[in-house]
Structures are given as structure tokens and as C-alpha cells.
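# predicted model and sequence below, questions to follow.
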Amino acid sequence: MFEPIPFHQTPIRALKGVGSRHAKQLARIGITTVQDLLFHLPLRYEDRTQVTPISALRPGDQTLIEVDVQHGEVRMGRRRSLLVLVADASGALLLRFFTFSPAQREGFKPGVRLRCYGEVRQGPDSLEIVHPECHRLDATRAEGYEAALTPVYPSTEGLHQLAWRAMTSHALELLDAVPGRLRDLLPEGLGNALQLPALLPSLRLLHRPPPEADRTALSESRHPAQYRLAFEELLAHQIALRRLRLAHQRIQAPPLIGDGALRAQLLGRLPFQLTAAQQRVVAEIAADLGTNRPMQRLLQGDVGSGKTVVAALAALQAVEAGCQVALMAPTELLAEQHLRSLHAWLAPLGVELAWLKRQRGRGREAVRQALACGRVQIVIGTHALFQADVTFQSLALIIVDEQHRFGVHQRLALWEKGGAEGRAPHQLIMTATPIPRSLTMTAYADLDLSVIDEQPPGRTPVVTVAVSDDRRMEVIDRVRAACAAGRQAYWVCTLIEESEVLQCQAAENTAALLQHALGEIPVGLVHGRMKSAQRETVMAAFKDGALGLLVATTIIEVGVDVPNASLMIIENPERLGLAQLHQLRGRVGRGRMESHCLLLYHAPLSAHALERLRIIRGSGDGFAIARQDLELRGPGEVLGTRQAGELQFQVADLMRHQALLAPAQRAADRMLQEWPREAAALEARWLRSRREYGWV
């Protein structure tokens, strides 16, 4: 007798009505089993359990009405539309369709009785519903209403909500047919401590909420059933991160115990003293590097807090121990900035540095050979560092700047280059994006954390104001006055389209217009599609003061340090996130002169955009801004991982479910110790791809 297939392996095609076409569509969004489908929860709910009289409707209501057709006609205007006048005993409204077939048009005959669902809007003459879902009622029999709130699922092209409801109904029936098919993997003691409901009742309620369910709690992800699923998901992520940390701890790393001579020389040559926060962080990193376990440390510091010198001291500790260092940055501009800073500090100490580009050529080949034989001690570059033909003699420390801009696999590819005979390099991961505690606990729980929470002396607060772009000429006059006074300015161009080509075109056009308007003031231009040598020449001219104004795309967001620049203009700031605006603003205020950031917006602004500009104008605290950015945009946007698909939660919301983070961390430790099989099954249930956490 054959054993039944475990429920978590039951293919989606086991469900009635799911053929090869639907299976392929579901696979596109990661649903291949019945269990996957059950954990694909609704985005929101519609109440079709009762009819609302037309007289009680208000604009914005999502509602069900039961009406008789009075009249239907096709009206020609700016857009051809089908207008259907319907009424009940209390009043009348219009149904409006912009796309319709002849059969649909013929279906709206006077006297036909309909049940319609949609959003009520205020039309030119009356209330109306645009493209409602309509169901024709049979005059010979009464039809009941929905017994539960109607779920609306996140979908993919080709899958209608009716199909989702049918599939999830069949999945729930399959679940009910054999009790115990879906295991509740959360040990009783852990769930009871948080007063969480059981798994199966939670799933049933979320897929088919009864009419009396708390709709407000469901819409705000505060329902106990949602808390139960959110806790499971957060717990699965914490288990995965802890397993990754344990795996790292089993690996040996070369202890980097230098004599401190190079570090002492660097500190003696610097024209400034390290802040107390920098000294604390340097000590934390030095202690990690001195052990035989690979350091996995995240270094956070707000714009201008002095992370680069901390990284330089860590690199010198590796060089003192006779090993190599790789520093990887997400853009050539940032990598070039690191090269300039490190070369100025370290070359006088006799340290051999190199710059590795992606392009082929003699220069790249020479650097590659020097790395392989150990002549180069510190190499700086972008994605070029982890190409297959790049090898190291003794890579012992990897420094990754703005790591969230890299895929996890890219960072792992570089990490593996230092692995030899069961040993692995130390890693220092830096970010100038202040990350709220809830995100740090979730996204970087496998890392130790160091925070530079103090600004170096001499940094001046940046005064931020919002200005409508109809005052553009006043802003240009402001740039002219700043340059006439011997200061410099940035003008940052953005576009709503996510296109580097279009951004560069906008920057080129803006630079030409500004050069014409400013006349004698030299204007420079940098963008991501310029050749490295050309961009480097422009940046050097700006840093040396030969250019008064630098027009740029958002590639100058990080790594550009020109103390004489005291004015920043950001076009269309309403199109950027708060964290990115704060990073751009951080390019000024690096000297002792008063600095200003002008947010040149295009009216009218939405309420959401107005709120973001209010926040950035009112605060210079990167961590406070990041917390509010998280509330407004979500974790993937704050960390820059939305497009890459990382840190995408199905149920958990890091703002609404913050209170579950610490319990999830404690529960992960207990489960790995006391219930390892359940921990592994929970991880597999929620994390369909272990590569997300480096399980390659």
C-alpha cells in the first residue's frame, strides 16, 4: 500500500480545476504545491454579505448593490463609454464601462435585475461605479448572499479573482478531508506564551472570514489570525539567519594579529582625531579580526560619520598580518572615491593598492596577476572583483560598501574567493543608510552590529527648504550668488521612469540649460553612462574648485566629499525616498560654512509626497528619517531590495508586527535547540528559496 504524498509536497495540480495553464501561471509567483497556495493570503477583503441601499452610499464605499436596469446607452465623448442607469427603491446611480463588448451592451436591457459590486465615485451628475462586477439575477429564484467576506488575492497575469477563490476553496476542502494533513509546526509552549491561535483555524479565517470578523483589524494586519501567520514567517526568517550564523561559526578564518605599526602611522598622519564612536567601532572590529572565526559585522553610520577611515584601519590590520583586502562598492563613482581616499592615506605608508575594472585590457590583466601573486595588498572595485578569472593569493578581509545594492549571491561569490582549506575571509559590511532596529533585527540578524552614532566635529547642519519649480530662475540666481561667493553647488536630476538612459539625457539637457543661464560659471556633468576616465576628470575638477556647479544623476548619492560645496538642488524630490533624499543632502554640509538643500518640486503634490517633504525638511537625523521611510514605503524600498525580491514578506509587516520580532528571535533559538526538525520544516514552509540566505 502506497503512503499518501505529504501535504507540503502535494502538487498544485492535485486541486480540481487546476490544469497545466494555471499551474504554469502559479509557478511564476512561486506556488507549486497546495501548501504554497494556502499560505498565499488575501491582500484585502470585500463585503458582499449584504446589500446597501443606493441612498446610503457615499463616495469611496466598496459596496454591493441590488438594482434594476432603467436605461443603457453608448455615449461618445473624450472616451467612448457605456452608461447604464440603475435604481433600487431608494435611489439611482450610473454604472460606467470604458471597455465593453456588444454582448455586454445587449445584457443591460431595461428591467434586468443585477447584483453589482464596486467602488462608488462622485460622477459629473450623480454617484457612479466604474467597471463594477455585475451578476445577473434569475427572476424565478431567490439567490443568497456570500456567507463570508470575499478575499482579494495578490495575482499574476491571466489569473482572475474567481479562479483564486475556486482554487483556495478546493484547497480548504482537501485540508478538511484528512484531519492533521497540515502540521502545526509551532510548539505549544511558544504559541501559548503569545496567546496566538492555532494554525488551521487561522488559515480558514483568513481565506474565508465570517461576516462578523473584525474588518478593521484585518485591513490593518492586526487580526490574531494574521499575527499567528506573521509570527511563523518572522520565526522562519530568524531560524534561517541563525542557521547561517552557526554555519559561519563552524568555519575557520585567519586570525589577523598585526603589530599595529601601520595603524599607528595612519592615525599620526590624519589631520583629525577619531571620534569616541569611531574609536569604539575600531576596537570592536579589531577584536573580531584577531579571532579564528570569520567576522560578520555590519557597520552603520549616518552620512559623513567617518566609516571610510574605520574601514582603512581594518584593512591595515589585515595588511600587517600579511594578507590581502578587497573593497567592493556598488558604483564606479563610489569605488573611485574610496580609491582616492585610501590612496591618499595608505600609499605614503608603502601599501600597494589597485583598482580593478570590469573592462578587459592590459591594465586589468596586470592587476589580476598582481592579485594572484600577492603583490597588491588592497584592491578596490565593483562587480568586477567577483568575476571568475579574478583570484587572490591570501584574501583575508572583504569590505562591502552599501551591501544592500548587491545581490546576496554576488557578496557570497566574493566571500568564496577567500576560501581555502576550510578557511574563509572576514567580512565588514558598511552602509550609510541608517537602518531602523526592526529591519536590522530582521534583515541582518546573522551579523554583529557596530554603529557610529556620532558626527565628526565641524559638520554643519543643512538647512532644507522646499521650492516649487515655477521659481526655477530664483534658484538659478541662488546658485550664481553661491558661486560668486567662492562656494560650489550640486544640481541633481531625477526622472520618474526607472531608466538610466533617460536620467542621463535629463542631466545633459539640464547642464546645457544651466551653463547658458549661468554664463561665466563653469558647469560640469557626471552620470552613470560616462566613461570612467571622463567622469573622474570632471569629479577631480569639481573637487579642485575648477567647476562651480556639478549637474549629476543620483549616482552622487554616496561617496562624494567636497567640503566647499554648500548648496544642493534636488529636482523632483517627490519621486525619491526619504533615505535617498537624506543621502543626497549629505553631499553638502561637509565644511564649516552654512549649507542649504533646495527641494525643487513640481506642483501639485499628493498628500503622501507632501508628508515626505515635511519629514525631510524637519529632521537631520538619519535614523529617525529611516524609521519614517520604513513606515511610508516598506522594508524592500528602504534597503533597496524591492526589485531584487529580497526581504519580501508574505504576511509579516515590520511596522505593524514589530512587537513579534524579539519573541521570534527567542523562539528561533529554542526551536533550533529543542525542536530542530520542526525548525527545519518551518523554514522550508516559508522560505521557498534558501539562496535568499546564502544556502547555496
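Sure, I can see it.
# isn't C493 right up against I556?
No - C493 lies out of contact with I556 (Cβ atoms under 8 Å); the separation is 10.6 Å. Where you see a C-beta, it was placed from the backbone N, CA and C, and this is true even at glycine.
# separation between the residue lying closest to G548 once chain neighbours are set aside and A565?
Among residues not flanking G548 along the chain, C483 sits closest, at 3.7 Å (Cβ to Cβ, 6 or more residues apart in numbering). C483 is 11 Å from A565, where distance means Cβ to Cβ, to the nearest Å.
# with neighbour numbers in mind, choose between these two.
Taking neighbours as other Cβ atoms under 10 Å, C483 and A565 compare with A565 leading, 26 against 20.
# return the helix or strand hosting A217 as PDB; C-alpha atoms alone will do.
If you go by DSSP states H and E, A217 is part of helix 215-219. What follows is helix 215-219, C-alpha atoms only, in PDB (Å, rounded to 0.1, in the frame of the first residue of the first chain):
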ATOM      1  CA  ARG A 215     -12.700  44.100   9.100                       C
ATOM      2  CA  THR A 216     -10.700  47.000  10.500                       C
ATOM      3  CA  ALA A 217      -8.300  44.600  12.200                       C
ATOM      4  CA  LEU A 218      -8.000  42.500   9.000                       C
ATOM      5  CA  SER A 219      -7.400  45.600   6.800                       C
END
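# beyond that helix, next helix or strand please.
Next in sequence after helix 215-219, counting helices and strands by DSSP H and E, comes helix 224-249.
# that next one packs against which elements?
Counting by 3 or more Cβ pairs under 8 Å, 6 or more residues apart in numbering; DSSP states H and E, the packing neighbours recorded for helix 224-249 are helix 199-207, helix 437-443, helix 661-674, helix 676-686.
# not counting its neighbours along the chain, what's nearest T331?
Nearest to T331 is I555, by Cβ to Cβ, 6+ apart, at 5.7 Å.
# need the three-state assignment for the one you found.
Secondary structure of I555, reduced to three states by DSSP: H, G, I helix; E, B strand; the rest coil: helix.
# which ones are touching V651?
L41, S221, Q226, L229, A230, E232, E233 (Cβ atoms under 8 Å, 6 or more residues apart in numbering).
# and the two most separated of the residues you listed?
S221 and E232 (14.0 Å; Cβ to Cβ).
# of those two, give the one with the bigger neighbour count.
Counting neighbours by other Cβ under 10 Å for S221 and for E232 shows that E232 has the greater number, 26 against 16.
# the more buried one and Q226, how far apart?
11 Å.
# also A213?
Distance from A213 to Q226, by Cβ to Cβ: 11 Å.
# higher neighbour count, those two?
More crowded of A213 and Q226, by other Cβ under 10 Å: Q226, with 22 against 18.
# how far away is D544 from V86?
Taking Cβ to Cβ, one finds D544 at 72 Å from V86.
# more crowded one of those two?
V86 (27 against 10).
# what's across from the more buried one in the sheet?
V69, L93 (DSSP bridges).
# residues contacting it?
I65, V67, D68, V69, Q70, A92, L93, L94, L95, L114, C116 are the contacts of V86 under Cβ under 8 Å, 6+ apart.
# the residue nearest to G548: helix or strand, and which one exactly?
Remark: C483 resides in helix 472-484, with elements defined by DSSP H and E.
# which is the next helix or strand following that helix?
Proceeding C-terminally, helix 472-484 gives way to strand 488-492 as the next helix or strand, assigned by DSSP H and E.
# which helices and strands sit right next to that next one?
helix 472-484, strand 549-552, strand 565-571.
# and the first one, what's buried?
For helix 472-484, a neighbour-count test (16 or more other Cβ atoms under 10 Å) marks V475, I476, R478, V479, R480, A482, C483 as buried.
# quick one: that helix to strand 488-492, angle?
Here helix 472-484 runs at an angle of 150 degrees relative to strand 488-492 (axes from the mean of the first three to the mean of the last three Cα atoms, to 10 degrees).
# return the list of helices and strands in contact with helix 472-484.
Using 3+ Cβ pairs under 8 Å, 6+ apart, helix 472-484 is in contact with strand 488-492, helix 500-518, strand 565-571, strand 595-601.
# try 7 Å this time
Applying 3 or more Cβ pairs under 7 Å, 6 or more residues apart in numbering; DSSP states H and E, we find helix 472-484 packed against strand 488-492, helix 500-518, strand 565-571.
# got a list of contacts for that helix?
Contact with helix 472-484 is made by 467, 489, 514, 517-518, 521, 548-549, 566-567, 569, 598, 600, as judged by Cβ atoms under 7 Å, 6 or more residues apart in numbering.
# equivalent analysis for stretch 522-536, please.
332-333, 336, 357, 500, 503-504, 507-508, 511, 514-515, 538-539, 541-542, 546-553, 555-556.
# what does the pLDDT read for the residue lying closest to R215 once chain neighbours are set aside?
Excluding the flanking residues, the one nearest R215 by Cβ to Cβ, 6+ apart is Y45, at 6.5 Å. Model confidence at Y45, given as pLDDT, is 88.
# where do the helices sit along the stretch 301-450 of the chain?
307-320, 332-346, 362-373, 408-417, 437-443 (DSSP state H, counting those that start in this stretch).
# what about stretch 312-331, how long is it end to end?
End-to-end span of stretch 312-331 (Cα to Cα, to the nearest Å): 19 Å.
# show me which positions of it end up buried.
312-321, 323-331.
# and that stretch, what's its mean pLDDT?
92.
# what does stretch 481-496 give?
Here the average pLDDT along stretch 481-496 is 86.
# over to stretch 614-621?
On average, stretch 614-621 scores 84.
# hey, where'd the strands end up in the stretch 251-400 of the chain?
All strands of the stretch 251-400 of the chain, identified by DSSP state E, counting those that start in this stretch, fall at 296-301, 324-328, 353-356, 378-381, 395-401.
# pull the last one out as CSV, backbone CA atoms only.
Presented in CSV, the C-alpha positions along strand 395-401 are these (Å, rounded to 0.1, in the frame of the first residue of the first chain):
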residue,chain,number,x,y,z
LEU,A,395,42.3,37.3,0.7
ALA,A,396,41.5,37.6,4.4
LEU,A,397,39.2,40.6,4.6
ILE,A,398,36.3,41.7,2.4
ILE,A,399,34.8,45.2,2.9
VAL,A,400,31.4,45.6,1.2
ASP,A,401,30.1,49.2,1.0
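# if you count contacts, what does that strand end up packed against?
So strand 395-401, by 3+ Cβ pairs under 7 Å, 6+ apart, packs with helix 307-320, strand 324-328, helix 408-417, strand 426-431.
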